[in-house]
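*Asks:* here are the coordinates; sequence isn't available:
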């Protein structure tokens, strides 16, 4: 092994930082370093404080306690600290993965620019942007960074052992400490950590010429890591961890070989970049076969098995497959493959091959990365607008304990228990979120058993009437909205001559009689006009209806039965996503003959 690979390299770390900036910011223009909550977990985790931690730890067996401590500290430090912390961990994970791969493969160092190319390829997975936006991924990042730091220490110490140096006690303690932090952050990196420790202990025994004292410490180190894994299993069993002891739901394990195989294959080929990474991992065997000075086959086999062990824990959870987990091993697949290829020969053709493969990875993943970045950016802006709308009306809402929210989009601040709005913005209310029963918001919330959580209650507007004496905030698809206070009319809607309704069909019905009955049994109305935009909403008696966009001149909307149960003229209007509203047209509800 070359001793040059044993030293920490600030240049390599700087290369990963540069690659991250290029991938996440330069190639995804408009993407921001500081995100804003979008997913349900975001609103939950970013509302954690000391009282949340005390509540969780009151049971005596909090699940993933290290992660809870870290995300509580970051949450209390503020949104910028949390999001910057996520990105720092992504950089560290990639840097450590490349470092450990290079040490295990005994590869020579790359020039700085080629190091950036390899880091770019390792970061090329389509969902890498999600790791800087979805706060729930902090558990995977923490566990991965701690585990890889332990693995890096072990690999570095093994290189010293080539000079017959004794395994140092402080290093053993550091490895145990990092392994414990990893295991109690999340369980996913236990197997790779144990395998590397066991292999290095065996290798030390095989190659030692100085007696048992030089390799016994390696077996003591390995036994300690194994003991930590066993203690975690006992801890999770005693605390009935929902992540490892679940017998139902998404965390229900399926250990059947066929299920494990199918889930593993789906992960390895889940996206274009994942497929390319799997091909590169397999190609390592060919490259080493033709190399003038090949890597030891047992070391190459070790790297291959380590990668498979990164995948294995997720193969046992077929009902909990998520694309972002693929990042854990794609970094290794691509990084190790390019490092090995670089080490095959110092010929110019090999350097060009490394550069071209790296650029191919980046190019293949670019459409997916940009799409995910744009989705998060758009969803985050909607939620920023919702918070701004609530803040603008905070004074008017302050006297009221309850507030009705209508038109809330899927994945909004009302997807959690209300603590995010209370802790971050002082909006201390009971929130009644009225949405159509067949909306994604209602269906997902009902499926999760979270129709009532904390101070947020989600109801089907077709079944639960609007409470009397409670302010109503009607949100537009872009997160802006208008407020109606009890006893006062809803704030004026901005009318624009640009948007116009020409006619509605039908334009009348008999009280209580359905019309244009849909498969779900509800009535539907068609609206014809001009300059309708995607995301436009039909308002019926001031109520946002579930609207389907046909084209710029046609919309259709589902009409709840309770709206047409009483005689009278109902005002129909269309509001575009930008807030522009059309003229009003009457829909007449007549009495029975």
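*Replies:* Sure, I can see it. Bear in mind that the values here come from a model prediction, so they are computed numbers and not experimental data. Numbering: from 1, shown residues only.

*Asks:* quick one, what contacts residue 475?
*Replies:* 386, 389, 405-409, 481 (Cβ atoms under 8 Å, 6 or more residues apart in numbering). For the C-beta atoms, the positions are set from N, CA and C on the backbone; glycine is no exception.

*Asks:* Let me have these in TSV, extended by neighbour count, secondary structure and distance to residue 206.
*Replies:* Putting these into TSV (neighbours: other Cβ atoms under 10 Å; DSSP: H, G, I helix; E, B strand; the rest coil; distance: Cβ to Cβ, whole Å) gives the following:
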residue	neighbour count	secondary structure	distance to residue 206
386	25	helix	62
389	19	helix	67
405	24	strand	66
406	19	strand	70
407	22	coil	68
408	24	coil	63
409	20	coil	61
481	23	strand	69
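
*Asks:* and the residue most central in space within the chain, what are its phi and psi?
*Replies:* Closest residue to the average C-alpha location of the chain: residue 134 at 3.8 Å, with Cα atoms, centre = their mean. With angles defined as degrees, to the nearest 10, residue 134 sits at phi -90, psi 110.

*Asks:* all numbers from here: first residue = 513
*Replies:* Sure thing, new numbering starts at 513, so read that last one as residue 646.

*Asks:* With adjacent residues omitted, what lies nearest to it?
*Replies:* Spatial nearest neighbour of residue 646, excluding adjacent residues (Cβ to Cβ, 6 or more residues apart in numbering): residue 551 at 5.5 Å.

*Asks:* Could you verify my assumption that the one you found touches residue 925?
*Replies:* No. Under the criterion of Cβ atoms under 8 Å, residue 551 makes no contact with residue 925, lying 11.5 Å away.

*Asks:* Have a look at those two and say which one is more surrounded.
*Replies:* Ranked by neighbour count (other Cβ atoms under 10 Å), residue 551 and residue 925 place residue 925 first, with 24 against 19.

*Asks:* next one: phi and psi at that one?
*Replies:* According to degrees, to the nearest 10, residue 925 has phi -60, psi -10.

*Asks:* how close does it sit to residue 827?
*Replies:* Counting by Cβ to Cβ, to the nearest Å, the gap from residue 925 to residue 827 is 35 Å.

*Asks:* got it, and residue 966?
*Replies:* 35 Å.

*Asks:* Can you check what pLDDT the model gives the residue nearest to the centre of the chain?
*Replies:* Per-residue pLDDT puts residue 646 at 95.

*Asks:* And residue 1006, by the same measure?
*Replies:* pLDDT at residue 1006 comes out at 48.

*Asks:* for residue 613, same thing?
*Replies:* For residue 613, the predicted pLDDT is 95.

*Asks:* Now do the SS call for it.
*Replies:* helix (DSSP: H, G, I helix; E, B strand; the rest coil).

*Asks:* what's near enough to touch it?
*Replies:* 619, 815, 844, 847-848, 851.

*Asks:* make it 10 Å
*Replies:* Residue 613 makes contacts with 619, 630, 634, 667, 815, 818-819, 843-852, as judged by Cβ atoms under 10 Å, 6 or more residues apart in numbering.

*Asks:* Which phi and psi values does the closest residue to residue 835 other than its chain neighbours adopt?
*Replies:* Leaving aside its chain neighbours, residue 835 sits nearest to residue 639 (5.2 Å; criterion: Cβ to Cβ, 6+ apart). Note on residue 639: backbone dihedrals following degrees, to the nearest 10 are phi -90, psi 10.

*Asks:* ok, how many other residues are close to residue 639?
*Replies:* Residues contacting residue 639 under the criterion other Cβ under 10 Å number 24.

*Asks:* between residue 966 and residue 827, who's got more neighbours?
*Replies:* residue 827 (21 against 16).

*Asks:* looking at it, the more buried one is touching residue 777, isn't it?
*Replies:* Yes. With contacts defined as Cβ atoms under 10 Å, residue 827 counts as touching residue 777 at a distance of 9.1 Å.

*Asks:* what about the spatially closest residue to residue 703 that is not a sequence neighbour, neighbour count?
*Replies:* Closest residue in space to residue 703, ignoring its immediate chain neighbours: residue 821 at 4.4 Å, by Cβ to Cβ, 6+ apart. By the criterion of other Cβ under 10 Å, residue 821 has 19 neighbours.

*Asks:* can you give me the offset of the helix or strand where residue 821 lies from its chain's centre?
*Replies:* Assigned by DSSP states H and E, residue 821 belongs to helix 809-827. Counting by Cα atoms, centre = their mean, to the nearest Å, helix 809-827 is centred 24 Å from the centre of its parent chain.

*Asks:* Equivalent analysis for stretch 557-576, please.
*Replies:* 21 Å.

*Asks:* Residue 592 is in contact with residue 545, isn't it?
*Replies:* Yes. Contact criterion Cβ under 10 Å: residue 592 and residue 545 qualify, at 8.4 Å.

*Asks:* quick one, helices of the stretch 563-712 of the chain?
*Replies:* Taking DSSP state H, counting those that start in this stretch as the test, the helices found in the stretch 563-712 of the chain are 577-589, 591-616, 624-634, 650-673, 681-695, 702-719.

*Asks:* Check which helices and strands the shortest one is in contact with.
*Replies:* With contacts defined as 3 or more Cβ pairs under 10 Å, 6 or more residues apart in numbering; DSSP states H and E, the packing partners of helix 624-634 are helix 522-533, helix 591-616, helix 784-802, helix 839-856, helix 860-904.

*Asks:* Just the buried positions in the helix or strand where residue 953 lies, please.
*Replies:* For residue 953, the element it lies in under DSSP H and E is helix 952-959. For helix 952-959, the neighbour count (16 or more other Cβ atoms under 10 Å) marks 953-954, 957 as buried.

*Asks:* got the domain boundaries for this protein?
*Replies:* 544-755+764-887, 909-996, 1012-1102 (automatic domain parsing).

*Asks:* will you turn those domains into TSV that also has distance to residue 893?
*Replies:* Output for the domains of the chain, formatted as TSV (distance: least, Cβ to Cβ, whole Å):
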stretch	distance to residue 893
domain 544-755+764-887	8
domain 909-996	7
domain 1012-1102	12
